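K.L.:
give me a 3D structure for the following:
(one chain, ligands or ions: 1)
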Amino acid sequence: MILINFKTYEQSTGNNAVALAKQCEEAAVEAGKKAIVVPQTVDIFRVKQACTLPIYAQHADEIDFGSHTGHMLIQGLKQAGAEGTIINHSENRISMEKIGMIIEKCKERDFKVLVCAQDPEEVGEISKLAPDYVAYEPPELIGGDISVSSAKPELITESVEKAGDIPLIVGAGVKNTEDVEIGKKLGAEGILVASGVVKAENPKEAVLQLMKGM
Ligand code: G3P
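P.N.:
Okay, here's the model as predicted:
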């Protein structure tokens with residue numbers, strides 16, 4: 001599968017988030033492949049109204065209903081239309097203790113959770129907490145033109161081993177069919193991509209190119 005992280009780019013905010021999600025959906029339908037869109041929390045509801053692809057949030061908290069100003073309530077994210085969440089992205093790191101609590105709450109509430117890790121050791125540590133997915137993304141390659149597949153293939157292999165039974169997703173700098181093919185060959189079960197799609201001149205075409213490698 002391919003997860004498209006919208007981050008907070010102008011091209012993926014507000015009405016642009018809806019247009020982008022629709023392009024991702026068109027590509028997924030045309031290619032017959034699975035895609036998950038990851039818009040900003042404020043855009044989940046509007047994306048849900050316009051697009052049939054599964055939606056993940058960019059973050060969630062372990063809190064319950066109550067007085068928790070500014071936190072991301074899983075039940076609220078579900079009601080907005082999300083099926084799951086990413087947590088511990090390199091751009092929004094949290095403690096291992098909090099990761100454990102969020103995974104537990106997501107399970108209780110039937111909400112998928114993908115936890116990001118910066119290196120194979122962290123992949124191993126997080127995998128012991130049994131999230132639905134673990135993603136390996138070397139921070140220094142995020143948003144750049146050199147992909148994890150070309151720069152760190154050996155660390156993808158190591159991450160797959162460390163992940164054990166937890167499906168491993170890879171991301172950072174992923175831009176083309178070959179990047180996806182290499183990840184898949186090394187044992188990754190999906191990719192996490194942002195700039196290669198969000199900032200592409202033709203996002204639908206960019207998704208189709210990535211899907212060719214799946
Ligand atoms: O979550 C995806 C991400 O951090 C990778 O970003 O722009 O390198 O595809 P990018």
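K.L.:
from here on, contacts and neighbour counts on C-alpha atoms
P.N.:
OK.
K.L.:
wait, residue 89 sits on residue 114?
P.N.:
No: contact criterion C-alpha atoms under 8 Å: residue 89 and residue 114 do not qualify, at 9.5 Å.
K.L.:
in terms of neighbours, single out the busier of these two.
P.N.:
With other C-alpha atoms under 10 Å as the criterion, residue 89 and residue 114 differ in neighbour count, and residue 114 comes out ahead with 24 against 19.
K.L.:
can I assume the more buried one sits in a helix?
P.N.:
No: using DSSP: H, G, I helix; E, B strand; the rest coil, the assignment for residue 114 is strand, not a helix.
K.L.:
pretty sure residue 36 sits in a strand.
P.N.:
Yes: inclusion of residue 36 in a strand is indicated when three-state DSSP is applied.
K.L.:
tell me the contacts of it?
P.N.:
Residue 36 is in contact with 1-4, 53-56, counting by C-alpha atoms under 8 Å, 6 or more residues apart in numbering.
K.L.:
out of these, which are buried?
P.N.:
Applying 16 or more other C-alpha atoms under 10 Å to the contacts of residue 36, the neighbour count classes 2-4, 53-56 as buried.
K.L.:
show me what counts as buried in stretch 30-41.
P.N.:
34-41.
K.L.:
which of those sits closest to the ligand?
P.N.:
Taking C-alpha to the nearest ligand atom as the measure, residue 38 is the one of the buried residues of stretch 30-41 closest to the ligand, at 8.8 Å.
K.L.:
so what's residue 195 closest to, chain neighbours aside?
P.N.:
Spatially, and ignoring its direct neighbours in sequence, residue 195 is nearest to residue 143 (6.0 Å; C-alpha to C-alpha, 6 or more residues apart in numbering).
K.L.:
elements contacting the lowest-mean-pLDDT helix or strand in the chain?
P.N.:
Within the chain, judged by mean pLDDT, DSSP states H and E, the helix or strand with the poorest mean is helix 148-151; its value is a mean of 92. Of the remaining helices and strands, those touching helix 148-151 by 3 or more C-alpha pairs under 8 Å, 6 or more residues apart in numbering; DSSP states H and E are helix 177-185.
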